[in-house]
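Novice: please work out how this folds:
(2 chains)
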Amino acid sequence: MPRGFYGHGLPGIDPATFQGTLIVVEGADGSGRSTQIMMLRDALEREGHATVDVGLKRSRLVGRELDEAMRGNILSPRTLALFYATDFADQLENRIVPALKAGFTVIADRYIYTLMARALVRGAEREWVRQVYGIALVPDAVFYLGVNPRLLAERNFRKSLVLDYWEAGMDIRRTGDMYENFVHYQREIQKQFRAMESLYEFETINGNRTPRTIFRDLLAKVEELLEPRAG
Amino acid sequence: MSDSKVSGKLIAVEGLDGSGKSTQVYLLKRWLELRGYKVFFTEWNSSTIVRQATRRGKRRQLLTPTTFSLIHCTDFADRYDRTILPLLHSGAIVLADRYIYTAFARDAVRGCDRDWLRALYSYARPPDITFYFNVSLDVALNRILEGRPRLKYHEAGMDMAFSPDPYESFRVFQGKIQEEYDRLTREFGFTVIDANDTPERQQTSVRAIVEDQIDLGRYRWRVPAPYAAALHSDAWEGPPAEEAVAEPAETADEQDDRYA
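Specialist: Have a look, this model is predicted:
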């Protein structure tokens, strides 16, 4: 059961009435996030937990505009941050909250921390970002897959032969070289995650290892969390 | 992302639907542009990128108070970062038909936290002048409802379930918005204009206040707009005579001009 909101929360919503569990998996593209989520979902459903997946940029409200605007890259960092926040709020209210009320285990493929880190490396004020996301529920657990940026690049090349424009931070590029830019940008993002770690109580998981090893860690922690409910 | 000093001036107008504020800001704009000042106009909820999403959200009634608020803030941020702020930095007068206070009033009525709303819009600089067109609720309602128009769902506050009748819902909603505006007037010290008065008298007050509070001479076009100058040669006093203008020290901007 989520422990309330980070800030002012959502009007008319009382998290004390929620039955479900909110689990967040954070990490860059290529951190193994999706693989871990897939395995986690299998494991939970095997045990009889009802699960729901949520992720970024999937809202019915602004998902399409967000994609379009990002292709054109014409939004200011602030507008982009607010667009993301709208998308997040839409999913929070229309998917996450109803699922938690109904007792589901919600697995979030990224949450506000990625959004906050992205805004911060683009110069947003920390306090503003914190306030904007004061609407977010405090998850039951947040797992952050930390991966060496050069290894991340390698995995991305393997997967699709190209580095993603945004994951390489090309909108705030320092050099013309995409690879160097990717590594630098990912380091900056990781710095932001480290800065948030204790405040938002992440469990940082060493994502440089094999998927099976990582999953053993992850599952042990999740089972600990869900145990009281199953018993 | 904060911005401290700008050379331009920002004038906002706020008020209920039917307060006549849009007419007044239009007349203010005409007055300023016909006198040859750099004046630009921007209105609430008009950024092109965001408009589509806002419309779809409203049409399908997908919006909650929080997403309603965030999507308007996104729209505003887009206009603020790409239009309002650059214009203010360039030394123009910007007229805004509705500003952040519209969000403060409407979204608070919808139940959003007032402190959260202020934090959300904390990046937006306060206007140099905010005119609040204070109209009696009956007058505003009559102006809007006279023709029995089709009220839009959110405009009538139907999402708040005040009443199943759109007209009754609109009345209740507008009344609550007015209460919020009263609170905001105290909090932010708006310049209040009596919007029950005639349009002419209101405009006379508005112009007098603008002239008094803003050193308009600083906002002339450096190059006159040819069309406006030819058409209104009596109103356009021509570029200021060389000696009449107190030249400030050369700015970086002017240095750019020299080496252009």
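
Novice: which residues of the stretch 51-200 of chain B lie near chain A?
Specialist: B:52-53, B:56-57, B:62-67, B:70-71, B:73-74, B:77-78, B:80-82, B:110-113, B:115-116, B:119-120, B:122-123 (Cβ under 8 Å from any Cβ of the partner chain). Placement of C-beta: from N, CA and C, glycine included.

Novice: give me the buried subset of those residues.
Specialist: B:53, B:56-57, B:62-67, B:70-71, B:73-74, B:77-78, B:80-82, B:110, B:112-113, B:116, B:119-120, B:123 (16 or more other Cβ atoms under 10 Å in any protein chain shown).

Novice: up against chain B, what does chain A have?
Specialist: Within chain A, the residues that sit near chain B (Cβ under 8 Å from any Cβ) are A:7-12, A:60-62, A:64-65, A:68-69, A:74-79, A:82-83, A:85-86, A:89-90, A:93-94, A:123-125, A:127-128, A:131-132, A:134-135.

Novice: please, where are all the strands along chain A?
Specialist: Remark: strands assigned in chain A by DSSP state E are A:21-26, A:51-55, A:105-109, A:141-146, A:202-206.

Novice: could I get those as a markdown table with mean neighbour count and mean pLDDT?
Specialist: As requested, the strands of chain A are exported to a markdown table (neighbours: other Cβ atoms under 10 Å in any protein chain shown; pLDDT from 0 to 100):
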| stretch | mean neighbour count | mean pLDDT |
| --- | --- | --- |
| strand A:21-26 | 25 | 96 |
| strand A:51-55 | 18 | 91 |
| strand A:105-109 | 23 | 96 |
| strand A:141-146 | 22 | 96 |
| strand A:202-206 | 17 | 94 |
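
Novice: possible to save these as CSV with distance to residue B:6?
Specialist: Formatted as CSV, these follow (distance: least, Cβ to Cβ, whole Å):
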stretch, distance to residue B:6
strand A:21-26, 38
strand A:51-55, 39
strand A:105-109, 40
strand A:141-146, 40
strand A:202-206, 39
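
Novice: closest to residue A:193 out of these?
Specialist: Closest approach to residue A:193 among the strands of chain A is made by strand A:141-146 (5.9 Å; Cβ to Cβ).

Novice: tell me the strands beside that closest one, with direction?
Specialist: strand A:21-26 (parallel), strand A:202-206 (parallel) (DSSP bridges).

Novice: include distance to residue A:38 when you put those strands into JSON lines, please.
Specialist: As requested, the strands paired with strand A:141-146 are arranged in JSON lines below (distance: least, Cβ to Cβ, whole Å):
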{"stretch": "strand A:21-26", "distance to residue A:38": "11"}
{"stretch": "strand A:202-206", "distance to residue A:38": "16"}
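
Novice: those helices in chain A, which residues are they?
Specialist: Using DSSP state H, the helices of chain A run over A:33-46, A:63-72, A:77-91, A:97-101, A:112-121, A:126-132, A:149-160, A:178-197, A:211-230.

Novice: how deep is residue 150 tucked in, by neighbour count?
Specialist: As the question left the chain open, I've gone with chain A. By other Cβ atoms under 10 Å in any protein chain shown, 12 other residues sit near residue A:150.

Novice: oops, I was thinking of chain B
Specialist: Each residue near residue B:150 was counted by other Cβ under 10 Å, and the total is 8.

Novice: how close does it get to residue B:92?
Specialist: For residue B:150, the distance to residue B:92 equals 37 Å [Cβ to Cβ, to the nearest Å].

Novice: residue nearest the centroid of chain A?
Specialist: residue A:110 (1.5 Å; Cα atoms, centre = their mean).

Novice: so it sits right up against residue A:28, yeah?
Specialist: No. Counting by Cβ atoms under 8 Å, residue A:110 stays clear of residue A:28, with 9.7 Å between them.

Novice: any low-confidence regions in chain B?
Specialist: Low-confidence segments of chain B (pLDDT under 70): B:1-4, B:49-50, B:58-60, B:223-260.

Novice: identify the residues contacting residue A:174.
Specialist: Going by Cβ atoms under 8 Å, 6 or more residues apart in numbering or on different chains, residue A:174 touches A:180, A:181, A:184.

Novice: try it again at 7 Å.
Specialist: Going by Cβ atoms under 7 Å, 6 or more residues apart in numbering or on different chains, residue A:174 touches A:181, A:184.

Novice: tell me who's in contact with residue 202.
Specialist: Since no chain was named, I'll use chain A. By Cβ under 7 Å, 6+ apart, the contact set of residue A:202 is A:142, A:144, A:196.

Novice: my question was about chain B, not that one.
Specialist: Remark: with contacts taken as Cβ under 7 Å, 6+ apart, residue B:202 is in contact with B:24, B:193, B:195.

Novice: of those, closest to residue B:106?
Specialist: Once Cβ to Cβ is applied, the member of the contacts of residue B:202 that ends up nearest residue B:106 is residue B:195, at 18.2 Å.

Novice: quick one, what contacts that closest one?
Specialist: Under the criterion of Cβ under 7 Å, 6+ apart, the neighbours of residue B:195 are B:15, B:19, B:20, B:133, B:134, B:135, B:202.

Novice: by neighbours, which of those residues wins?
Specialist: If you rank these by neighbour count (other Cβ under 10 Å), residue B:15 sits at the top with 29 neighbours.

Novice: test my guess that that residue contacts residue B:132.
Specialist: Yes. Between residue B:15 and residue B:132 there is a contact under Cβ atoms under 7 Å: 6.0 Å.

Novice: overlap in contacts, the two.
Specialist: With Cβ under 7 Å, 6+ apart as the test, residue B:15 and residue B:132 reach no residue in common.
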